[in-house]
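[1] compute the structure for the input listed below.
(2 chains)
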Amino acid sequence: MKKIGKSDVIGQQGMSLIEGIILSMGFMFYPTGGVEAGIDGFIELRDAETGEVGNLLLQVQGKATERERLQGENEETFEFPCADADIEYWTKGTAPVLLIVVALRTRKAYWKSLKEWFADPERRKSRKVVFDKRKDEFTREAKASLISVATAVRPGASGPSVKKSEQILVNLLEVKFAPRVFWAPTSHGSDKSFGGALGEIVKPARGEWIVRSKSVLSFHPLDEHPWKKLCDWEAMEEFDTTEWANSDDEDRQRDFVALLNRAIGEFVRPDLYRDRDSRVFFFRKPKDKHSLNYAYRSLQNTTTRRVVGPYGKKKSDPKKFAYWRHSAFLHRFVRLAGKWYAEITPTYHFTYNGQDADAYAGERLKKIKEIENNAAVMGQFVMWRDFLTTHGAEDLLTKAYPFLSFSAVDALELDVGVPDDLWKSQETDPSSPLFEYALAGETVENIT
Amino acid sequence: MRLTHLTEPDLEFGHAFRHPDIRFGIMDYGPLDFGMESAPKRIKMGVIGSAETVEGTARWIERCAKGFAAKQSRQPNLFPPFPGVDFETTFRCEFVTSDEIQRVLPAREIARLVAIPGQREVTQAIVETITNEISALAEQTAKPDVVLIALPVEIIERTYNARDVAGGEDDDETEAGTALDFRGMLKASCMRLRLPIQLLWPTTYDPTIRIPRKLKETSERRTQDPATIAWNLLTAAYYKAGGLPWRLARDARQLRTSFVGLSFYRSVDGEQVHTSTAQMFDERGEGLILRGGRMVESEEDRRPHLTAIDAYELLKGSLKVFRDQHGHWPARVVLHKTSKFDRNELDGFHKAIDERDIDYADFVWIQKSMTRLYRLGIYPPLRGTLLRFDKDQALLYTRGSVDFFRTYPGMYVPRPLQLRCQVQGQPLQHVAEETLALTKMNWNNTQFDNGMPITIAAAKHVGEVLKYVPEGQEIAPRYSFYM
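    All right, here's what the predicted structure looks like:
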């Protein structure tokens, strides 16, 4: 009777699994066949979108096992011992060799690029490949890493791009504003004079108005108290706000933006202050505490961020803090494709006592901007987005702010992406602050 | 809002071979003009400096022939080696220097110069001295092709005052200011000698040299690895010596286009604001430089603008230069400007175009935007990410994560460019692709991901130099004298 050994079947099962994964990446797999010295097949990289192939090859040495427990296995890792002759063979060649171990019981495969692994003399001495069961799992997601192994052989080669769909946030919030604006002549010639007169009648005075060429434009009906005292209310006119918002006249648009700017100042009260010089809105320091935390809903869950906190030590008195850092944002109202948005740029405000601007604010800002990465700023934007879209909403005690509200813009989808972990693992200086996730925009949990 | 991604544009190198990366393109295929009669074969590098800097620079030039190893890293595409220069590698030509084209400033002369009190006085005296040396080289029968000004540390200390020479992140957006700028003054002063120059710090050949910190508000100047320095400096020198390192790879079916970049600069007295233009022909960047009229402050936005007549004259002049070069008018004109085109400018430019029966025009207003995109990750969005708001308005990331480098090769969260087509002859996608490609045309830098398209970057550099060139004096037409 003719026989085919069990080990051959196991081997074939392993190769089938490997081939399936490779094909799912859009790459090709060519089994070696015939006489070979351990290389079971070749992977050829291929652009899954265009079908283009560029002769970028990887060799595969597969090992399949039915064992319940892999060699040296623990929670995180397992080992694969190698013979000297094999190591020699794998590392001397022209193409990178991948060792792919298939655990048939769990139907999982793990991979390692052998040239890279054995480039380390210590590892070479130990003659063992140590697999990380999480990081080294061979799935479709390993595609980007495979490209990187293949292209690293010849610097300058560009592999097929990583088609990894990802979500992207834009720092815009949609703006909704009161449907009506009111206009009336006034004897006051400037914002300053009108504001002064208003302040003498009511305190605190509301700010949703602007004065232009002896007339006032406001979200408030001007025939009511206290406005009627300051303008010719009988001549008041009422307009659809869109007459300003959708106007192509540049002066009108500028006036409308000025009115929105006045309104946002009222909207963020009483939590935020505005710095006159830098024009940023920032969280104020509580009177009785050194710091302030703000709880909000981040992308995944509810989190807390320190938005006011003391830093450094005074040279003259090391027991005292050198300065306070306040989370802040800069905004700009913009009309894009016929819609109004608030563009929100997260930043910081520095004070020397929790209240007044710090003399070294410029340098401190520059420094923190140097170490902040995309993730840090994105985190702050999400916080400000949460603040602006939830602040001023109606609750039991207060009515909703009537003149202005913000809503989030849906995340955008992009069909190419960045393999963050892979890139980071290849950074020349991965300890660089640029790659410290959310370092500067720390959440409270991270503060030590 | 529609989000897409533009692939990295290819560049063209020797024998029409293409590659997206500058350094690998030159390594694999040689510079664009490789094999052409006009390509430089032997570039003579003049050197001016102290005994020490001249010697150091001369040694460095020799060293470049052998090449420099790649920086130790796992990013071989970002830090490739510099394989050296000869007839078979990189530039396929030689870079040489010799005693006859080197000028050493005596130590006593340097000491006298740096002892002159007053920022203005010392800068002027140094500019004058170096110009005299360049002039002596220019008069020789065997003159150099390009002159390296190897600045001694003492001179650097006195001339680079507050100016950020390394170029900060927001370098592109300021108009050429009024500050006394040694580099601009020197380039202007020696322009009439028709010898391109290249400034060089001693840290180029010896990274251990320390230049006192007070020069820059931030910490010490971070020196690049030797291979990157060699790539950047020799590429600039190759271009300045008349070579063409690369050009945009374009489809032959596309219209013959003249790209014109406009920027404003303030004259040294701080009162007059002029326009400079830098022009790109034939995608080679072989454009000529023009000086435009004075600006007027527009009532529309209180920013500098051209009068209708000046706008007309400027573009008419630009078109003529194109015609002189090519023997025909361009089929399409692309104007890039960092501020809005006002009514007068539109009228003037249209008149010039109509006069020549040019049917296709794109007037694009380009500026850095504060509208940003955030990825849900460590790295910023990819270079080439394009967000279209409208048919004529978009956001384009020209700085960002780069797939080819497998990193974001920069500091700070990048800012995209806002593109607004005020006159539109081509679809926005095409305008954006072209803008992205034009960011790769800066011969001062071999890393391809520059922030601004060369049209605007060049016009700005031209302004920095032109402000020191007296009115009426003939200006050098080639960009090599401004970069």
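[2] smallest gap between the stretch 251-400 of chain A and chain B, at which residue?
    residue A:378 (3.6 Å; CB to the nearest CB). Every C-beta, even on glycine, is put in place using the N, C-alpha and C of the backbone.
[3] residues near that residue, how many?
    Residue A:378 is flanked by 26 other residues according to other CB atoms under 10 Å in any protein chain shown.
[4] is it part of a helix or strand, or is it coil?
    When classified by DSSP: H, G, I helix; E, B strand; the rest coil, residue A:378 comes out as helix.
[5] grab the nearest non-local neighbour of it.
    residue B:374 (3.6 Å; CB to CB, 6 or more residues apart in numbering or on different chains).
[6] tell me who's in contact with residue A:195.
    residue A:205 (CB atoms under 8 Å, 6 or more residues apart in numbering or on different chains).
[7] verify the assumption that it is located in a helix.
    Yes. Inclusion of residue A:195 in a helix is indicated when three-state DSSP is applied.
[8] how far away is it from chain B?
    Distance of residue A:195 to chain B, computed by CB to the nearest CB, to the nearest Å: 24 Å.
[9] next one, pLDDT for the closest residue in space to residue B:76 that isn't next to it in sequence please.
    Of all residues not flanking residue B:76 in the chain, residue A:155 sits nearest, at 3.5 Å (CB to CB, 6+ apart). Looking at residue A:155, its pLDDT is 75.
[10] spell out, range by range, the helices that occur in chain B.
    Counting by DSSP state H, one finds helices in chain B at the ranges B:22-29, B:51-66, B:107-114, B:119-139, B:153-159, B:182-189, B:226-240, B:308-326, B:343-355, B:428-438, B:454-466.
[11] could I get the average pLDDT for the shortest one?
    What it means is helix B:153-159. 87.
[12] tell me which strands and helices it is in contact with?
    Here helix B:153-159 touches helix B:107-114, helix B:119-139, going by 3 or more CB pairs under 8 Å, 6 or more residues apart in numbering or on different chains; DSSP states H and E.
[13] kindly recompute the last result at 10 Å.
    helix B:51-66, helix B:107-114, helix B:119-139, helix B:182-189 (3 or more CB pairs under 10 Å, 6 or more residues apart in numbering or on different chains; DSSP states H and E).
[14] what of the longest one?
    Identification of packing neighbours for helix B:119-139 by 3+ CB pairs under 10 Å, 6+ apart yields strand B:42-49, strand B:102-104, helix B:107-114, strand B:146-150, helix B:153-159, helix B:182-189, strand B:197-200.
[15] possible to save the ones you listed as CSV with mean neighbour count?
    What follows is those, written out as CSV (neighbours: other CB atoms under 10 Å in any protein chain shown):
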stretch, mean neighbour count
strand B:42-49, 23
strand B:102-104, 19
helix B:107-114, 14
strand B:146-150, 25
helix B:153-159, 20
helix B:182-189, 23
strand B:197-200, 21
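[16] these: lowest mean pLDDT?
    Among these, helix B:153-159 scores lowest, at a mean of 87.
[17] what's in contact with that helix?
    Contacts to helix B:153-159, defined as CB atoms under 10 Å, 6 or more residues apart in numbering or on different chains, come from residues B:49-50, B:52-53, B:105, B:107, B:110-111, B:113-116, B:119, B:122-123, B:125-127, B:129-130, B:149, B:151, B:165, B:180-183, B:185-186, B:199, B:201-203, B:209-212, B:214-215, B:221.
[18] got a PyMOL select line for the buried ones in the residues you listed?
    Command for PyMOL that selects the buried part of those, burial taken from 16 or more other CB atoms under 10 Å in any protein chain shown:
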select buried, chain B and resi 49+50+52+53+105+110+113+114+122+123+125+126+127+129+130+149+151+165+180+181+182+183+185+186+199+201+202+203+211+215+221
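[19] end to end on stretch B:18-25, go ahead and measure it.
    This stretch, stretch B:18-25, spans 7 Å end to end (CA to CA, to the nearest Å).
[20] okay, the residue in the stretch 1-150 of chain A positioned nearest to chain B: pLDDT?
    Minimum separation of the stretch 1-150 of chain A from chain B (CB to the nearest CB) falls at residue A:148, amounting to 6.7 Å. pLDDT recorded at residue A:148 is 86.
[21] show me what the strand or helix carrying it is packed up against.
    Remark: residue A:148 resides in helix A:143-152, with elements defined by DSSP states H and E. Counting by 3+ CB pairs under 10 Å, 6+ apart, the packing neighbours recorded for helix A:143-152 are helix A:6-24, strand A:41-46, strand A:53-65, strand A:97-103, strand A:108-113, helix A:114-117, helix A:420-425.
[22] and the ones you listed: which comes nearest residue A:214?
    Nearest of these to residue A:214, taken as CB to CB: helix A:420-425 at 57.5 Å.
[23] out of the helices of chain B, which gets nearest to residue A:225?
    It's helix B:343-355; of the helices of chain B, that one is closest to residue A:225 (CB to CB) at 44.8 Å.
[24] elements contacting that closest one?
    So helix B:343-355, by 3+ CB pairs under 10 Å, 6+ apart, packs with strand B:257-266, strand B:304-305, helix B:308-326, strand B:332-337, strand B:360-368, strand B:417-423.
[25] and the lowest mean pLDDT element among the helices and strands of chain A?
    Ranking every helix and strand in chain A by mean pLDDT, DSSP states H and E puts helix A:420-425 at the bottom, with a mean of 84.
[26] just to revisit the earlier point, tell me who's in contact with the residue of the stretch 251-400 of chain A closest to chain B.
    A:168-169, A:171, A:299, A:346, A:438, A:441, B:372-378, B:380, B:413.
[27] are any of those buried, and which?
    Members of the contacts of residue A:378 classed as buried by 16+ other CB under 10 Å are A:168-169, A:171, A:346, A:438, A:441, B:372-378, B:380, B:413.
[28] sort out for me which of the residues you listed are in strands.
    Using DSSP state E, the subset of those located in strands is A:168-169, A:346, B:373-375.
[29] list the residues that contact the one residue in the stretch 301-450 of chain B that gets nearest to chain A.
    Of the stretch 301-450 of chain B, the residue with the smallest distance to chain A, taken as CB to the nearest CB, is residue B:374 at 3.6 Å. When contacts are counted by CB under 10 Å, 6+ apart, residue B:374 touches A:167-171, A:346, A:374-382, A:411, B:380-381, B:413.
[30] try 8 Å this time
    A:168-171, A:374, A:377-378, A:381, B:380-381.
[31] the helices and strands packed on helix A:143-152 into JSON lines, with extra columns for mean neighbour count and distance to chain B?
    Compiled in JSON lines, the helices and strands packed on helix A:143-152 are given as follows (neighbours: other CB atoms under 10 Å in any protein chain shown; distance: least, CB to the nearest CB, whole Å):
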{"stretch": "helix A:6-24", "mean neighbour count": "16", "distance to chain B": "21"}
{"stretch": "strand A:41-46", "mean neighbour count": "20", "distance to chain B": "14"}
{"stretch": "strand A:53-65", "mean neighbour count": "18", "distance to chain B": "13"}
{"stretch": "strand A:97-103", "mean neighbour count": "24", "distance to chain B": "18"}
{"stretch": "strand A:108-113", "mean neighbour count": "22", "distance to chain B": "12"}
{"stretch": "helix A:114-117", "mean neighbour count": "18", "distance to chain B": "9"}
{"stretch": "helix A:420-425", "mean neighbour count": "17", "distance to chain B": "4"}
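[32] so where's the stretch 151-300 of chain B shaky on pLDDT?
    Scanning the stretch 151-300 of chain B for pLDDT under 70 picks out B:161-180, B:213-222, B:281-287, B:299.
[33] can you name the residue of it nearest to chain A?
    Nearest residue of the stretch 151-300 of chain B to chain A: residue B:300, at 6.5 Å (CB to the nearest CB).
[34] dihedrals phi and psi, the nearest residue to that residue once chain neighbours are set aside?
    Leaving aside its chain neighbours, residue B:300 sits nearest to residue B:342 (5.2 Å; criterion: CB to CB, 6+ apart). The phi/psi pair for residue B:342 (degrees, to the nearest 10) reads phi -90, psi 180.
[35] my guess is residue B:342 contacts residue B:297. True?
    No. Contact between residue B:342 and residue B:297 fails when scored by CB atoms under 8 Å: they sit 10.4 Å apart.
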